[in-house]
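Colleague: Give me the fold of what follows.
(one chain, ligands or ions: 1)
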Amino acid sequence: KNLVKHFPVKAGIFQRTVAVVKAVDGVSFQIKKGETFGLVGESGCGKTTTGRCVLMLETPTSGEIVFKGVDITKLSQKQLRKLRPKMQIVFQDPFSSLNPRLPIKEIIGEAIAYHGIAKGREVERRVQELLEMVGLSVEHMNRYPHEFSGGQRQRICIARALATEPDLIVCDEAVSALDVSIQSQILKLLENLQAKLGVAYLFISHALNVVKYISHRIGVMYLGKLVEVAESEELYLNPLHPYTKALISAVPVPDPKLKRKKIILKGDVPSPLNPPRGCRFVTRCPQAMQVCGEIEPQLIEVAPNHFVACHLYSWA
Ligand code: SF4
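Modeller: Below is the predicted model:
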């Protein structure tokens, strides 16, 4: 709720002045039990920082993170450690997120033993179970990370995340480093695991087609703000925010008979050190009006479960 994460940085020619990077600036959303909420936007829009704040891997500057009814920003480190098993993360790079010196059974078993999920020989049995759950087998237990392909390593990362029986997994660009054919296998796996275990995902990606495939609802971020939130199908078929429209127009359509007009945005994303006044998209928006540079649009519900922050709909 109203999540803000600002990073102070040194700026100026002599690095003597302190400026503030407004990485996340007042973001609110909910993720329901067993749901996938997709967060999409260009690099640097604040989606990864949002995901890290949700897990308290970054301490928010302000705002609340309510997990199972408890605002976890108020918890002590000791209290937070108790909750950690229930909130896990799968990173983008399966090559660097596994310890190369440990065999798979230790990589996964470590989390199980540390959090007291199982003890002794039970740990090994649980590792076997998890490997089978992610499409690997018992023979893989004694192998090391370098003996696996990228897709297999990501399966191991998912097994490790599941080892602590979490309720929420943040998937941060979890399939972005994989080949397209492997991407679809991992997405299918995540879907099947969700159906079986009821785990919720915060699925972060810059690729709208990937987010659309796996998410029940999607939030679109631009320069530290959520600009549109809607159910996946609704967002794709009826995008309202000019930025969402541009993102969708850039997704390739597989049918050559179907032509979609591509919206090319002018300029680059402005610096989060000095975001534009009013609407943050004003410098690139093809439909900008005078009010857009003066007043910041709020995220409002313009249709059931469809929220948008844009003055084109403020008076709808
Ligand atoms: Fe464009 Fe104005 Fe809407 Fe911002 S508020 S997206 S500048 S029309």
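Colleague: Tell me which residues touch the most centrally placed residue in the chain, please.
Modeller: The residue at the geometric middle of the chain, judged as the C-alpha nearest the mean C-alpha position with Cα atoms, centre = their mean, is residue 204 (2.3 Å). Taking Cβ atoms under 8 Å, 6 or more residues apart in numbering as the contact definition, residue 204 lies against 38, 39, 40, 47, 48, 50, 51, 170, 171, 172, 173. All C-beta spots, glycine's among them, are computed from the backbone N, C-alpha and C.
Colleague: As JSON lines, those residues with neighbour count, secondary structure and pLDDT would be great.
Modeller: Putting the contacts of residue 204 into JSON lines (neighbours: other Cβ atoms under 10 Å; DSSP: H, G, I helix; E, B strand; the rest coil; pLDDT from 0 to 100) gives the following:
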{"residue": "38", "neighbour count": "25", "secondary structure": "strand", "pLDDT": "98"}
{"residue": "39", "neighbour count": "29", "secondary structure": "strand", "pLDDT": "98"}
{"residue": "40", "neighbour count": "25", "secondary structure": "strand", "pLDDT": "97"}
{"residue": "47", "neighbour count": "28", "secondary structure": "helix", "pLDDT": "96"}
{"residue": "48", "neighbour count": "22", "secondary structure": "helix", "pLDDT": "96"}
{"residue": "50", "neighbour count": "27", "secondary structure": "helix", "pLDDT": "97"}
{"residue": "51", "neighbour count": "20", "secondary structure": "helix", "pLDDT": "97"}
{"residue": "170", "neighbour count": "26", "secondary structure": "strand", "pLDDT": "97"}
{"residue": "171", "neighbour count": "28", "secondary structure": "strand", "pLDDT": "97"}
{"residue": "172", "neighbour count": "22", "secondary structure": "strand", "pLDDT": "95"}
{"residue": "173", "neighbour count": "20", "secondary structure": "coil", "pLDDT": "92"}
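Colleague: Can you tell me the SS state at the residue nearest to the centre of the chain?
Modeller: Of the three states, residue 204 takes strand under DSSP: H, G, I helix; E, B strand; the rest coil.
Colleague: Okay, now the unreliable bits of the stretch 101-250 of the chain?
Modeller: Counting by pLDDT under 70, the stretch 101-250 of the chain contains no low-confidence segment.
Colleague: Show the contacting residues for residue 283.
Modeller: Residue 283 sits in contact with 267, 270, 276, where contact means Cβ under 8 Å, 6+ apart.
Colleague: Surely the last one forms part of a helix?
Modeller: No: when classified by three-state DSSP, residue 276 is found to be coil rather than part of a helix.
Colleague: where's it relative to residue 18, distance?
Modeller: Taking Cβ to Cβ, to the nearest Å as the measure, residue 276 and residue 18 are separated by 21 Å.
Colleague: Comparing these two, which residue is more hemmed in?
Modeller: When residue 276 and residue 18 are compared for neighbours, residue 276 comes out ahead with 16 against 10, by other Cβ atoms under 10 Å.
Colleague: picking that back up, tell me the one of the contacts of residue 283 nearest the ligand?
Modeller: The ligand lies nearest to residue 276 out of these, by Cβ to the nearest ligand atom, at 8.9 Å.
Colleague: from memory that closest one sits against residue 282, does it?
Modeller: Yes: applying Cβ atoms under 8 Å, one finds residue 276 in contact with residue 282, separated by 5.1 Å.
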